[in-house]
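> turn this into a structure:
(one chain, ligands or ions: 1)
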Amino acid sequence: TTVAAMAISATAALADGETVGFSQIGSESGWRAAETTLTKSQAEERGYQLQFSDAQQKQENQIAALRSFIAQGVDAILLAPVVATGWDSVLQEAKEAEIPVVLLDRQVDSSDDLYLTAVGSNLVHEGEVAGGWLVNEVGDRECRIVELQGTTGSSPAIDRKTGFENAIKDHANLSIVRSQTGDFTRALGKEVMESFLQAENGGKDICALYAHNDDMAVGAIQAIKEAGLAPGKDILIVSIDGVPDIFQAMAAGEANATVELTPNMAGPAFDALKAYWADGTEPAKFIQTESKLFTQSDDPAGEYEARKGLGY
Ligand code: AHR
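The predicted model follows:
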C-alpha cells in the first residue's frame with residue numbers, strides 16, 4: 001500500500017466515522033473549556049464526527065440542539081445538562097429515535113432508562129471531601145464560612161452544597177454564615193465575595209471560603225486581596241475542579257485546597273458508546289470518575305506544570 005493510498009483510507013475511515021452530537025453548557029469556567037477541548041480531541045482521535053453546540057448557559061438552547069441532533073439522525077448524543085430538571089420530554093424523544101444519550105459531568109432528575117449512561121464524579125462526595133478538609137484544618141477554632149454556590153438548579157451546586165453541609169454538621173464550631181450563587185464564573189465569584197467581605201466586617205469575621213468551583217475561588221481571591229486581607233491565610237479557601245490557576249494560587253499560598261474533577265469525561269463516554277454500537281453492550285448507568293484532594297503540601301507548582309496541555 002502506498003502512503004497516498006493509506007492517507008486516502010484514513011480519510012475514508014474518518015468520513016465513515018460515527019456522528020455524535022455534543023450539547024455543551026457554555027464556557028463559564030476553565031474546567032468547562034478544558035472539557036470541550038478534550039471532547040473535541042477525543043472524537044477526532046477516534047474518527048468520530050462531532051457536532052458541537054454551545055448552549056450559552058440556556059437549557060432551551062440545549063433542548064433545541066438535542067432536537068436538531070435527533071432530526072439529523074446522529075449515532076449518539078453527549079449532553080452536559082445545565083440544570084437537573086426539565087429533560088424528560090426531549091430524552092424520551094431521543095429514546096424513541098433509538099439514539100443513545102450519554103450525560104457528561106452533571107446529572108438530571110429524569111428516570112435513568114431515558115439515557116444510556118452518565119459519566120461524572122460523585123458530586124456529594126466532592127462536597128464532603130472539601131468540608132472534611134476544612135473540619136480538620138480548623139480543629140476546635142470558631143469558623144464562620146462563606147459559600148459561593150454554582151449555577152442555581154445545577155446538580156453540582158445542589159450536591160456540592162449537600163456534601164459540604166454533611167461534613168460540617170457535627171461540628172458546632174463551623175457554620176455557613178453566607179451563601180450565594182456565583183454561577184461558576186470568575187467575575188461573579190469576585191463580585192459576590194466583595195459583598196460578603198463588606199457584610200462581614202471587611203472580611204475580618206470570615207474564617208473560610210468554600211467555592212463550588214475553582215474559577216469562583218480565583219475571582220474571590222482577587223476580591224480578598226483588594227480588601228487588604230491575605231487569601232489562604234486570613235481566609236482559608238477550599239474549592240473544586242483542580243484547574244491550573246488554582247494550583248498556581250496554592251503554590252503562592254493564596255488558596256488552600258481543591259478537589260480534582262477530571263475534564264476528560266468524553267474518554268469513558270466514547271468507550272461506552274463504542275461497546276454499545278458494536279454489540280449493544282449496556283454500560284453501567286453511572287461511570288464514576290475520581291475525586292482527589294490536593295492541598296498546599298501536594299506540590300502545587302508541579303501539579304500546575306503537569307496540567308499544561310491536558311486540555312487547559
Ligand atoms: O459540572 C461541573 C462544573 O461545571 C465544574 O465544576 C464547573 O467548573 C463547571 O462550570
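> can you get me a residue count around the one residue in the stretch 51-200 of the chain that gets nearest to the ligand?
Distances between the stretch 51-200 of the chain and the ligand by CB to the nearest ligand atom are smallest at Phe184, namely 3.8 Å. The C-beta positions use only the backbone N, C-alpha and C, and glycine is treated the same way. Neighbour count for Phe184, taken as other CB atoms under 10 Å: 28.
> where's Gly280 relative to the ligand, distance?
Counting by CB to the nearest ligand atom, to the nearest Å, the gap from Gly280 to the ligand is 29 Å.
> what does that residue show for phi and psi?
Dihedral pair for Gly280: phi 80, psi 10, per degrees, to the nearest 10.
> now it: how far from Ser291?
31 Å (CB to CB, to the nearest Å).
> compare those two (neighbour count), which wins?
Ser291 (21 against 7).
> let me see the contact set for the more buried one.
Ser121, Asn122, His125, Glu126, Val129, Val259, Glu260, Leu261 (CB atoms under 8 Å, 6 or more residues apart in numbering).
> same check on Gly267?
Counted by CB under 8 Å, 6+ apart, Gly267 has contacts Leu38, Gln42.
> that one in helix, strand or coil?
Here Gly267 is recorded as helix under DSSP: H, G, I helix; E, B strand; the rest coil.
> just the endpoints, please. Distance across stretch 168-186?
Start to finish, the residues bounding stretch 168-186 are 26 Å apart (CA to CA, to the nearest Å).
> same question, stretch 110-125
21 Å.
> ok, now stretch 89-102?
One end of stretch 89-102 to the other measures 16 Å (CA to CA).
> what residues of that stretch count as buried?
Within stretch 89-102, the residues that qualify as buried are Val90, Leu91, Glu93, Ala94, Lys95, Ile99, Pro100, Val101, Val102, counting by 16 or more other CB atoms under 10 Å.
> repeat for stretch 143-151
Per 16+ other CB under 10 Å, stretch 143-151 contains these buried residues: Cys143, Ile145, Val146, Glu147, Leu148, Gln149, Gly150, Thr151.
> near the ligand, which residues of the protein? Just list them.
Counting by CB under 6 Å from any ligand atom, the residues of the chain lying close to the ligand are 28-29, 31-32, 105-106, 156, 184, 213, 215, 240-241, 261.
> those in strands, which ones?
Assigned to strands by DSSP state E, the following of these qualify: Ile240, Asp241.
> can you name the next helix or strand after the helix or strand where Val238 lies?
Element membership for Val238 (DSSP states H and E) is strand 236-241. Sequence-wise, the next helix or strand downstream of strand 236-241 (DSSP H and E) is helix 244-251.
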